[in-house]
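sequence and predicted structure below; questions after.
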Amino acid sequence: MTLMPPLSTTDTPLLQVDGLTKRYGSRIGCLDVSFDLFPGEVLGIVGESGSGKSTLLSCLAGHLTPDLGRVAYDGRDTLTMAETERRRLSRTDWAYVHQNPRDGLRMGVSAGGNVGERLMAVGARHYGGIRDKASDWLGRVEIAADRIDDRPTAFSGGMQQRLQIARNLVTGPRLVFMDEPTGGLDVSVQARLLDLLRGLVRDLGLSVIIVTHDLAVVRLLAHRLMVMKGGRVVEQGLTDQVLDDPQHAYTQLLVSSVLQV
Ligand SMILES: Nc1ncnc2c1ncn2[C@@H]1O[C@H](COP(=O)(O)OP(=O)(O)O)[C@@H](O)[C@H]1O
Ligand SMILES: [Mg+2]
């Protein structure tokens, strides 16, 4: 069942990645990765632990510097642009949702503050407006209004992850990087979070690159799928095609091991 609506790809790519390579000494992080991401498109990246998914995502988001290759965002080369410009993009156009919400939240700051802080970073100054927008976003991620002054330490894992998503999306990014966003959560909590994410991605027309080892997540969220092994992309294509008719032996193994669970 295809749950994401089909996407017209007549636009120009939002992100163009060409020959991206990152080594850690003699060990391969990711090797010669190339793809285009179109506006409104969700790309899933799957592969076993150590296959290079996080390395690739970190290189794309500018957290790691690749050894080789090119990344262009909206036609601009993000690897050669000035650091100030790249920082500006990370505040305005990009968002990064970490697997562990603690890495993406400020645990000593209230829920409302976590969301409001991001608005202030892009220039919002009016306290009432910031609080209203923060409270609106808490509602969108299903956090009750009376929790706005609570710290994330008082929240469950699922709530923390939803707060991290609100903090990331409040500034209206165009491109969202997610590394195993449902990773550490109970299955029932995962399902609700996925549903919420799907709604937000569709309503906001976000472009998303989502790393996961869970094929159910990509089946629900991703238009297109990239399968990695040993740092290389071994297969990519439309999600349904790749999952229903995997061509590469490794993808066949991934798909069949899930079916046997
Ligand atoms: N900071 C690092 N130093 C050395 N090797 C690393 C580092 N981070 C990742 N690696 C290695 O790079 C490869 C890819 O890792 P990673 O990108 O974390 O994969 P994944 O996210 O798919 O689990 C693995 O062999 C891993 O051991
Ligand atoms: Mg990883």
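On my side now, so go ahead. Ligands and ions are numbered 1, 2, ... in the order given.

can you pull out the strands in the stretch 151-261 of the chain?
175-179, 207-211, 224-229, 232-238 (DSSP state E, counting those that start in this stretch).

so which of those strands gets nearest residue 166?
Set against residue 166 and scored by Cβ to Cβ, the strands of the stretch 151-261 of the chain come closest in strand 175-179, at 12.5 Å. Bear in mind the C-beta positions are built from the backbone N, C-alpha and C, glycine included.

centre of the chain to that closest one, how far?
2 Å (Cα atoms, centre = their mean, to the nearest Å).

quickly run through the sheet partners of that strand, with directions.
strand 94-97 (parallel), strand 207-211 (parallel) (DSSP bridges).

now the shortest one: mean pLDDT?
Mean pLDDT, computed over strand 94-97, is 96.

buried set for the helix or strand that it is followed by?
Later in the chain than strand 94-97, the nearest helix or strand by DSSP states H and E is helix 101-104. Buried positions in helix 101-104, judged by neighbour count with 16 or more other Cβ atoms under 10 Å: 101, 104.

list of residues touching helix 101-104?
96, 97, 98, 152, 157, 160, 161, 163, 164, 167, 168 (Cβ atoms under 8 Å, 6 or more residues apart in numbering).

how far away from the center of its chain is that helix?
14 Å.

likewise stretch 59-79?
Put simply, stretch 59-79 sits 16 Å off its chain's centre (Cα atoms, centre = their mean).

list just the nearest of the contacts of helix 101-104 to residue 252.
Once Cβ to Cβ is applied, the member of the contacts of helix 101-104 that ends up nearest residue 252 is residue 97, at 29.8 Å.

spatially nearest residue to the closest one (excluding sequence neighbours)?
Computed as Cβ to Cβ, 6 or more residues apart in numbering, the closest residue to residue 97 that is not its neighbour in sequence is residue 178, at 4.3 Å.

which residues are in contact with the one you found?
Contacts of residue 178 (Cβ under 8 Å, 6+ apart): 96, 97, 208, 209, 210, 211.

skipping its backbone neighbours, what lies nearest the third one in space?
The spatial neighbour of residue 208 that comes closest, neighbours along the chain excluded (Cβ to Cβ, 6+ apart), is residue 42 at 4.4 Å.

distance of the one you found relative to ligand 1?
18 Å (Cβ to the nearest ligand atom, to the nearest Å).

so what's the backbone phi/psi at that residue?
phi -110, psi 120 (degrees, to the nearest 10).

cool, residue 46 as well?
Per degrees, to the nearest 10, the backbone of residue 46 is at phi -120, psi 160.

now swap in the one 5 residues further on and tell me
The phi and psi torsions at residue 51 (degrees, to the nearest 10) take the values phi -80, psi 0.

for ligand 1, see how far away it is.
Residue 51 is 4 Å from ligand 1, by Cβ to the nearest ligand atom.

what's near enough to touch that residue?
228, 229, 230, 231.

where are the low-confidence patches of this protein?
Within the chain, the stretches with pLDDT under 70 are 1-10, 258-261.

now with 50?
1-2, 261 (pLDDT under 50).

quick check: residues of it near ligand 1?
24, 27, 29, 47, 49, 50, 51, 52, 53, 54, 55 (Cβ under 6 Å from any ligand atom).

change it to 8 Å
For the chain, the residues in contact with ligand 1 (Cβ under 8 Å from any ligand atom) are 24-25, 27-30, 47-58, 179, 211, 213, 228, 231.

PyMOL command to pick out the buried ones of those residues?
Buried subset of the residues of the chain next to ligand 1, written as a PyMOL selection, criterion 16+ other Cβ under 10 Å:
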select buried, resi 28+29+30+47+51+52+53+54+55+56+57+58+179+211+213+228+231
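
in strands, which of the residues of the chain next to ligand 1 appear?
24, 27, 28, 29, 30, 179, 211, 228 (DSSP state E).

residue contacts, the nearest residue to the fifth one once chain neighbours are set aside?
It refers to residue 30. Nearest non-adjacent residue to residue 30, counting by Cβ to Cβ, 6+ apart: residue 52, 3.9 Å away. For residue 52, the contact set (Cβ under 8 Å, 6+ apart) comprises 28, 29, 30, 31, 33, 228, 230, 231, 232.

appreciated, that's everything.
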